[in-house]
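Visitor: have a look; sequence and predicted model below, questions after that.
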Amino acid sequence: MNFAAVDWVIVVLYLALSLGVGIVGKRYVGDLTHFLVAGRELGVYVGIATLAATEIGTITYMYMAELGYKAGFAAFAAALISGGSMLVIGRTGFIVSRFRELKLMTVPEYFERKYSRGLRILTGFVVALAGLLNMGVFLKIEGQFLMTVSGIDSRYLVGVMTCILLLELVYTVLGGMVSVVITDFMQYILLSIATILISVYAVQSAGFDKIVDKVADVMGPSGFSPIVSPRFGWTFLIWQVLLWVSLSTCWQTTAMRMFSTNSPATAKKVMTWTGVIFFGRGMLPMLWGMCALVMFGTGPLDKDGIPAPIVDGQAIEPIAAMPAMLAHILGPGVRGIVVAGMLAATMSVNSSYLLGWSSVISQDIVVPLRIAMGKGELGSKEQILINRISNVFVSLFIMFWGLYYTLPDAVYLYLGLTCTIYLSGVFVSVIGGLYWRRANVTGGYAAMIMGGVGTIVPFFGLGWGANVTGFAAFGLAATGLVVGSLLGKREAAPMKAAAAT
Amino acid sequence: MEIWKAFWTVALLVAGSGFALITLIVILKGGRDLRAMLRGLKAHHDDNRTH
């Protein structure tokens, strides 16, 4: 066990505070808009905090560090693309401004406004499936971090992670987006402090010059140039641009923050400033991965020529190298703050994702299916109840999927692909809906189906690489939208009016 | 390779400073935003109750 008494005190205090603060949010939940989009009351600064906290989790830091360990400075290109995309979207208002004007609560809701209820339901299924697959691996990876840094015996890990998940579930179910935003604010501060502390300690321990030399020795020019790196190249870079532009605009959890802002202008500012944070969100943990390469990269080479990390005489997986490094370099007190910060990161992501996917299940599958079957519309209270039940379902899924599924490759690539299943079709359909008058229902269906199938079949069926699959999926979805729209009915359905709430 | 090294070093410094600076700004100004959000929600809540 690496934890001293002071570390336990810090972590337990943080967890208790999170739960207390989260439960307070329930008092402010009146109707469905409060529960799902915090009554559209988010200002710029709390908007930045919740958007950043939602997309910075322990899993983020784990897979970024793994990428840094395996690809060196060349991996920074992914961070540059993520932050750069958000900056451009924030400055121009591309999609986000219009989405906020429409007073949406979920991304598939747009599909009913522009296309049809049937397409909304199909999109809801695709979004929920991709979202659950994506989130399904979080618990395992986060648990690995906690176990390595704190030294908790692996026998207790499932129990510990289940307790943390239940804690998040309690305040998310009770207070919805209001509780999530309040806890996100607190969690953002803590995870940022932890990020800065880790960066200082890691670079001090490894030495920046040694990091540069090690990357050059192990990887040569591939460790610095994303274009010559065999892991990346132009197909990767183009896929990343498509992925990050679509993620920043159409990923349900990100979009929900835009929907929750108090105006389209605020939405743009939140996106812009969070883009600046995203540069650090990527580069800093990648740097930690490179520090771990300096400290532990002495083992046998893998197929890409990267040495396995050797920690205390044992070879471990590259994804475990960064937490192993933290266990070695952090002293008592600091370790507690860092673990509390990483728990904060974990809980902010998990609570936001629980709410995001459960809102799609309730609002875009259950409720519209009921209406399509001829049953009456539901009031706010009933819809909140369905959302709460969906939250529980999502939690159960991720508990079990996380225990049994084994990742085939780098975590970053798995996560990117599960996003692409949904984003390729949704992003293309949204752009078509907002900016091309000829886009119609037939095109929308074709885009969704070809984007989803275009991801699953090449990667899982044909064994294509992730880069090419991702790139191809967007292309297929776009082809589906254009060809489908041109072959389908000429008149596009009129945009349905914004909902009364 | 030397150009890439220099580029990434500068990018890292900018990224790290930006991260730290925005965190500081959010800590200083975010509390006010949070209070405004809760006031707004409470006002909606009270309105819904009276109507």
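Guide: Structure's in. What do you need?
Visitor: bridging residues for A:Leu301?
Guide: Per DSSP bridges, residues listed as beta-bridge partners of A:Leu301: A:Pro307.
Visitor: right, and A:Thr360 touches A:Glu109 too?
Guide: No, residue A:360 isn't Thr; it's Val. No - here A:Val360 lies out of contact with A:Glu109, judged by C-beta atoms under 8 Å, at a distance of 9.3 Å. For the C-beta atoms, the positions are set from N, CA and C on the backbone; glycine is no exception.
Visitor: quick one: which of those two has more around it?
Guide: A:Val360 (31 against 24; other C-beta atoms under 10 Å in any protein chain shown).
Visitor: secondary structure element holding that one?
Guide: Using DSSP states H and E, A:Val360 sits within helix A:334-360.
Visitor: report how many residues lie close to the residue of chain B found nearest chain A.
Guide: Among the residues of chain B, B:Phe19 lies nearest to chain A; the distance is 3.0 Å by C-beta to the nearest C-beta. A count of nearby residues for B:Phe19, using other C-beta under 10 Å, gives 23.
Visitor: dump the residue contacts of it.
Guide: By C-beta atoms under 8 Å, 6 or more residues apart in numbering or on different chains, the contact list for B:Phe19 reads A:Ser192, A:Thr195, A:Ile196, A:Val276, A:Ile277, A:Phe279, A:Gly280, A:Arg281, A:Leu284.
Visitor: element containing it?
Guide: Here B:Phe19, judged by DSSP H and E, is contained in helix B:2-50.
Visitor: contact residues of chain B facing chain A?
Guide: When proximity is defined by C-beta under 8 Å from any C-beta of the partner chain, chain B lies next to chain A at B:1, B:4-5, B:8, B:11-12, B:14-16, B:18-20, B:22-23, B:25-27, B:29-30, B:32-34, B:36-38, B:40-42, B:44-45, B:48.
Visitor: now restrict those to buried residues only.
Guide: Of the members of these, the ones counted as buried by neighbours, 16 or more other C-beta atoms under 10 Å in any protein chain shown, are B:4, B:8, B:11-12, B:15-16, B:18-19, B:22-23, B:26-27, B:30, B:33-34, B:37-38, B:40-41, B:44-45.
Visitor: can stretch A:36-54 be found next to chain B?
Guide: Yes - applying C-beta under 8 Å from any C-beta, one finds that stretch A:36-54 is in contact with chain B at A:Ala38, A:Gly39, A:Glu41, A:Leu42, A:Gly43, A:Val44, A:Tyr45, A:Val46, A:Gly47, A:Ile48, A:Ala49.
Visitor: out of the residues you listed, who has the most neighbours?
Guide: Each of these was scored for neighbours by other C-beta under 10 Å, and A:Ala38 scores highest at 33 neighbours.
Visitor: any idea how far A:Thr266 is from that one?
Guide: 12 Å (C-beta to C-beta, to the nearest Å).
Visitor: go on, B:Ile27?
Guide: 19 Å.
Visitor: residue ranges with poor pLDDT in the stretch 51-200 of chain A?
Guide: By pLDDT under 70, the stretch 51-200 of chain A has no low-scoring segment.
Visitor: swap the cut-off to 80 and go again
Guide: In the predicted model of the stretch 51-200 of chain A, residues A:140-141, A:144, A:147-158, A:161 satisfy pLDDT under 80.
Visitor: centre-most residue in chain B?
Guide: Here the mean C-alpha position of chain B is nearest to the C-alpha of B:Val26 (C-alpha atoms, centre = their mean), at a distance of 4.4 Å.
Visitor: what sits against that one?
Guide: B:Val26 is in contact with A:Tyr45, A:Ile48, A:Ala49, A:Tyr188, A:Ile189, counting by C-beta under 8 Å, 6+ apart.
Visitor: output these in TSV; the columns should cover secondary structure and distance to A:Asp209.
Guide: Shown next, in TSV, are those (DSSP: H, G, I helix; E, B strand; the rest coil; distance: C-beta to C-beta, whole Å):
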residue	secondary structure	distance to A:Asp209
A:Tyr45	helix	37
A:Ile48	helix	34
A:Ala49	helix	35
A:Tyr188	helix	32
A:Ile189	helix	32
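Visitor: tell me the one of the residues you listed nearest chain B?
Guide: Taking C-beta to the nearest C-beta as the measure, chain B sits nearest to A:Tyr45 out of the contacts of B:Val26, at 4.1 Å.
Visitor: can you check the pLDDT for the closest residue to chain B within the stretch 351-500 of chain A?
Guide: Residue of the stretch 351-500 of chain A nearest chain B, by C-beta to the nearest C-beta: A:Ser380 (9.4 Å). A:Ser380 carries a pLDDT value of 87.
Visitor: tally up the residues packed near it, please.
Guide: Number of residues near A:Ser380 (other C-beta under 10 Å) recorded here: 16.
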